[in-house]
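K.L.:
no letters, just coordinates:
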């Protein structure tokens, strides 16, 4: 008589991570052995998939592959998602302990799903966090590759933002070379000089990345967390992207891929509009504050994760009512 070959499973309870290997030929035998191993009553017991909580029936049992991970649920217990359970376990511990980091590494080493590996990788990176310290002496690894003149994280992050903003001014200045009309070029140079002075007065808006600044002037929390503000045409990030470049060196480097994106585009719209305006009027008649805000301030800049940065044309225009100074009657 043909004997049914046993199936191999890994089984655990809903409140204990320890797993047991069992070899059984039926769901009934699985429940019996599971209850014995886990020392629970068989009354009202159910078996479900560890991965997503699907309840195992007799028919479903027949199609399960070997080494499927299962959870034995006592009467009244429920199970939604194994990965959610592991994350809850991880987040329930002190995030600054080696135990927590090792747990995340263990989960990552056993995980085969690309999506979940990505989530665990991000989690592990953020667990290795030293955002509470500020000086070079306290976190030498964070400062690797950074000029020795920077003694604190905030000082470097401020410089980082200033560099980006100064880069925008350089692009504005670069337009001078392609203006053919001599008169327009002269007026344009004057505007660039005035914008440079105005930018210098506000310290190149480096405060946007400086966590030591007041909330009004920065884009991050006191701890240094930045949140993606979403693409230019949405009110918020649908993916809830966030990063703390103050936490560790890897996060600091990754933050360089985030963009301070111009809602009304700098190259396609703002600069060409400025040039066109100077073809009609003198630099003294241009609304300098309006162009300054569009080019260098949060009024027209959004901090966005690279995934949310849309590179296509925004097709937004400058407000014609604000291009020139208002003439007092």
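P.N.:
The structure has been received and is ready for your questions. None of the values given here were measured: they were computed from a predicted structure. Numbers count the residues shown, from 1 in each chain.
K.L.:
pLDDT of stretch 15-29, averaged?
P.N.:
Average pLDDT, stretch 15-29: 90.
K.L.:
mind listing what's buried along it?
P.N.:
Neighbour-count burial for stretch 15-29, counted by 16 or more other CB atoms under 10 Å, picks out 19, 22, 24, 27. Using the backbone N, CA and C atoms, a C-beta is placed for each residue, glycine as well.
K.L.:
and stretch 248-258, by the same measure?
P.N.:
Neighbour-count burial for stretch 248-258 [16+ other CB under 10 Å]: 248-249, 251-252, 254-255, 258.
K.L.:
likewise for stretch 146-164?
P.N.:
Applying a neighbour-count criterion of 16+ other CB under 10 Å, one finds 146, 150, 152-162, 164 buried in stretch 146-164.
K.L.:
nearest to residue 77 among these?
P.N.:
residue 153 (45.8 Å; CB to CB).
K.L.:
my guess is that closest one meets residue 246, correct?
P.N.:
Yes. Judged on CB atoms under 8 Å, residue 153 makes contact with residue 246 at a distance of 5.2 Å.
K.L.:
what do the two both touch?
P.N.:
142, 211, 224 (CB atoms under 8 Å, 6 or more residues apart in numbering).
K.L.:
report the secondary structure state of residue 133.
P.N.:
Secondary structure, DSSP: H, G, I helix; E, B strand; the rest coil: residue 133 is coil.
K.L.:
what about it, how many neighbours?
P.N.:
13 (other CB atoms under 10 Å).
K.L.:
do the one 3 residues further on as well
P.N.:
Residues contacting residue 136 under the criterion other CB under 10 Å number 17.
K.L.:
likewise for residue 305?
P.N.:
For residue 305, using other CB under 10 Å, the count is 23.
K.L.:
hang on, isn't it packed against residue 260?
P.N.:
No. Residue 305 is not in contact with residue 260 according to CB under 8 Å; the separation is 11.9 Å.
K.L.:
one step back: and the shared contacts of residue 153 and residue 246, which is closest to residue 290?
P.N.:
residue 211 (29.7 Å).
K.L.:
and residue 296, what are its phi and psi?
P.N.:
phi -130, psi 0 (degrees, to the nearest 10).
K.L.:
and the strands in the stretch 1-150 of the chain?
P.N.:
7-13, 16-24, 46-49, 68-73 (DSSP state E, counting those that start in this stretch).
K.L.:
next, format the ones you listed as TSV and append distance to residue 192.
P.N.:
Formatted as TSV, those follow (distance: least, CB to CB, whole Å):
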stretch	distance to residue 192
strand 7-13	67
strand 16-24	63
strand 46-49	64
strand 68-73	64
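K.L.:
so which of those strands gets nearest residue 271?
P.N.:
Across the strands of the stretch 1-150 of the chain, closest to residue 271 is strand 46-49 (CB to CB), at 57.3 Å.
K.L.:
by contact count, what packs against the closest one?
P.N.:
helix 27-38, strand 68-73 (3 or more CB pairs under 8 Å, 6 or more residues apart in numbering; DSSP states H and E).
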